[in-house]
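Trainee: Build me a model from this:
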Amino acid sequence: METADRLAPFGVTIFTEMTELARKHDAINLGQGFPNWNGADFVKQAAIASLQRGGTDQYPPSPGIPELRSALAASYSSKLGRDLDPDVETTVTCGCTEGLAASMLGLVDPGDEVVLIEPYYDAYPADVAMAGAVPRYVTLRPPDFTLDPDDLRKAFGPKTRAIILNNPHNPTGRVFTDAELALVAELCNEYDVIAVSDEVYEEMTFDSTHRRLATYDGMWERTLTLSSLGKTFSLTGWKVGWAIGPAALTLGLRSAHQFLTFTTPTPVQHGAVAALGSPEGFYDEMRSDYRQKRDLLAKGLEEIGFEVFLPEGTYFLMARHSSFGIGNDREFSRHLVERARVAAIPPSVFYSTPGAGSDLVRFAFCKDESTLAEALRRMETIRAD
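Mentor: Okay, the predicted model is just below:
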């Protein structure tokens, strides 16, 4: 048996590959974006209480339990500047990744074109392929990783059905400006294009303001806003995500969602209800903590010899490794694991063009400070080399 042609080009995800390599060499994993501490306790206690009181062992409603959809509507009504209907404008998914797949499968037809910003989260082109659609790429280039207006305009045309925009952006750490988002909105309106706005890092901004694409003129009617519990509350293994959008787009997403995972376990949905009720101080403390970790890693990497591109958001940092003279990003990442016992991600896999990003490497700083400090100490060996 062979892999289907539409998925054969993607192979095994780079996160699986590098995590297995990290385990083999007992390396510190700064590759895959999962924290090395436990998730928020008050969220876990809500899930435990749900299990203990019973009545949560059978299928919950496919779009999500009413309590969570109401909590999402309450939370995002203020964020999006409109009163949301929890019944038809909010949907609970198995993480944002499933929400992305459901968006493409439920709203995009074979032969449609979908604009992707590269470097991209590696699920994006795979989702486009599963929908039978055609990707059109727009490249962010160092050192600023800004959206080039001319490149973006060229990507839109009469066959364009959708654009996937990740903001704040993984892996570059960009937080797109008002001018960049306004141009995206202008083109979506001009070409009647759906926007899938992946905002899983919405609370992780350090030096810039996160603006929501759905709030721009004409964009509510054509935008699905996706996010999740995992990144903000350090619960990546729970796989609780959601999609917020108008009834017409929600219907399309739900049409696919019901045949993908159908639903999400009830206890973790009750945990998400508690999470959405967090006091504002929770987010301020989280941002402050991640800023310190970012600055610790950035300073250490620069001292070792990397050229660091300081992120404005997310918990990822891109750096140029050229000064070490150790091949391309895959070769360098393998050397880093084997020689220094530190795992990172070679970002060329996040580009459509062969060789793009090969002088870069991505580090995750969602680790405690002692782990980051030890990783930097280990990487001193490559400077010595």
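Trainee: Tell me which stretches of the stretch 201-350 of the chain form strands.
Mentor: For the stretch 201-350 of the chain, applying DSSP state E, counting those that start in this stretch gives strands covering 223-228, 241-244, 307-309, 316-320, 342-343.
Trainee: Mind putting the ones you listed into JSON lines with mean pLDDT and distance to residue 378?
Mentor: Bear in mind the C-beta positions are built from the backbone N, C-alpha and C, glycine included. Listed next are the strands of the stretch 201-350 of the chain as JSON lines, based on pLDDT from 0 to 100; distance: least, CB to CB, whole Å:
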{"stretch": "strand 223-228", "mean pLDDT": "98", "distance to residue 378": "31"}
{"stretch": "strand 241-244", "mean pLDDT": "98", "distance to residue 378": "34"}
{"stretch": "strand 307-309", "mean pLDDT": "98", "distance to residue 378": "17"}
{"stretch": "strand 316-320", "mean pLDDT": "98", "distance to residue 378": "16"}
{"stretch": "strand 342-343", "mean pLDDT": "96", "distance to residue 378": "5"}
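Trainee: between the ones you listed, which one is nearest to residue 68?
Mentor: strand 241-244 (7.9 Å; CB to CB).
Trainee: Return, as residue ranges, the portions of the stretch 1-150 of the chain with sub-threshold pLDDT.
Mentor: Low-confidence segments of the stretch 1-150 of the chain (pLDDT under 70): 1.
Trainee: where exactly do the helices run in it?
Mentor: Secondary structure of the stretch 1-150 of the chain by DSSP state H, counting those that start in this stretch: the helices cover 14-24, 41-53, 66-80, 95-107, 123-130, 149-155.
Trainee: hmm, who's touching the top helix by length along the chain?
Mentor: Taking DSSP state H as the criterion, the chain has its longest helix at helix 280-304. Contacting residues not belonging to helix 280-304 are listed as 40, 203-206, 232, 308, 310-311, 315, 317, 319, 363, 365-367, 369, 372-373, 375-376, 379-380, 382-383 [CB atoms under 8 Å, 6 or more residues apart in numbering].
Trainee: Buried ones only from the residues you listed, please, as a PyMOL command.
Mentor: Buried residues among the contacts of helix 280-304 (16 or more other CB atoms under 10 Å), as a PyMOL selection:
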select buried, resi 40+203+204+205+206+232+308+311+315+317+319+363+365+366+367+372+375+376+379+382
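Trainee: For residue 85, see how far away residue 337 is.
Mentor: Remark: distance between residue 337 and residue 85 (CB to CB, to the nearest Å) = 49 Å.
Trainee: more crowded one of these two?
Mentor: residue 337 (22 against 14; other CB atoms under 10 Å).
Trainee: Could you say which helix or strand holds the residue nearest to residue 115 when sequence neighbours are not counted?
Mentor: Computed as CB to CB, 6 or more residues apart in numbering, the closest residue to residue 115 that is not its neighbour in sequence is residue 163, at 4.0 Å. For residue 163, the host element (DSSP states H and E) is strand 160-166.
Trainee: which helices and strands does that strand pack with?
Mentor: helix 95-107, strand 113-118, helix 178-191, strand 194-198 (3 or more CB pairs under 8 Å, 6 or more residues apart in numbering; DSSP states H and E).
Trainee: Pipe these into a markdown table and attach mean neighbour count and distance to residue 243 per row.
Mentor: Putting the helices and strands packed on strand 160-166 into a markdown table (neighbours: other CB atoms under 10 Å; distance: least, CB to CB, whole Å) gives the following:
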| stretch | mean neighbour count | distance to residue 243 |
| --- | --- | --- |
| helix 95-107 | 24 | 5 |
| strand 113-118 | 24 | 17 |
| helix 178-191 | 17 | 17 |
| strand 194-198 | 25 | 9 |
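Trainee: can you redo the ones you listed as a markdown table with distance to residue 291?
Mentor: Shown next, in a markdown table, are those (distance: least, CB to CB, whole Å):
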| stretch | distance to residue 291 |
| --- | --- |
| helix 95-107 | 23 |
| strand 113-118 | 25 |
| helix 178-191 | 22 |
| strand 194-198 | 22 |
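Trainee: and of the ones you listed, who's closest to residue 22?
Mentor: Per CB to CB, nearest to residue 22 of the helices and strands packed on strand 160-166: helix 95-107, 21.1 Å.
Trainee: export the closest one as PDB, just CAs?
Mentor: Provided in PDB are the C-alpha atoms of helix 95-107 (Å, rounded to 0.1, in the frame of the first residue of the first chain):
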ATOM      1  CA  GLY A  95      -7.400  21.800  18.800                       C
ATOM      2  CA  CYS A  96      -6.800  24.500  16.200                       C
ATOM      3  CA  THR A  97      -5.200  21.900  13.900                       C
ATOM      4  CA  GLU A  98      -8.500  20.100  13.500                       C
ATOM      5  CA  GLY A  99     -10.200  23.500  13.000                       C
ATOM      6  CA  LEU A 100      -7.900  24.300  10.200                       C
ATOM      7  CA  ALA A 101      -8.600  21.000   8.400                       C
ATOM      8  CA  ALA A 102     -12.300  21.400   8.900                       C
ATOM      9  CA  SER A 103     -12.100  25.000   7.500                       C
ATOM     10  CA  MET A 104     -10.400  23.800   4.300                       C
ATOM     11  CA  LEU A 105     -12.500  20.700   3.900                       C
ATOM     12  CA  GLY A 106     -15.800  22.400   4.600                       C
ATOM     13  CA  LEU A 107     -15.300  25.700   2.700                       C
END
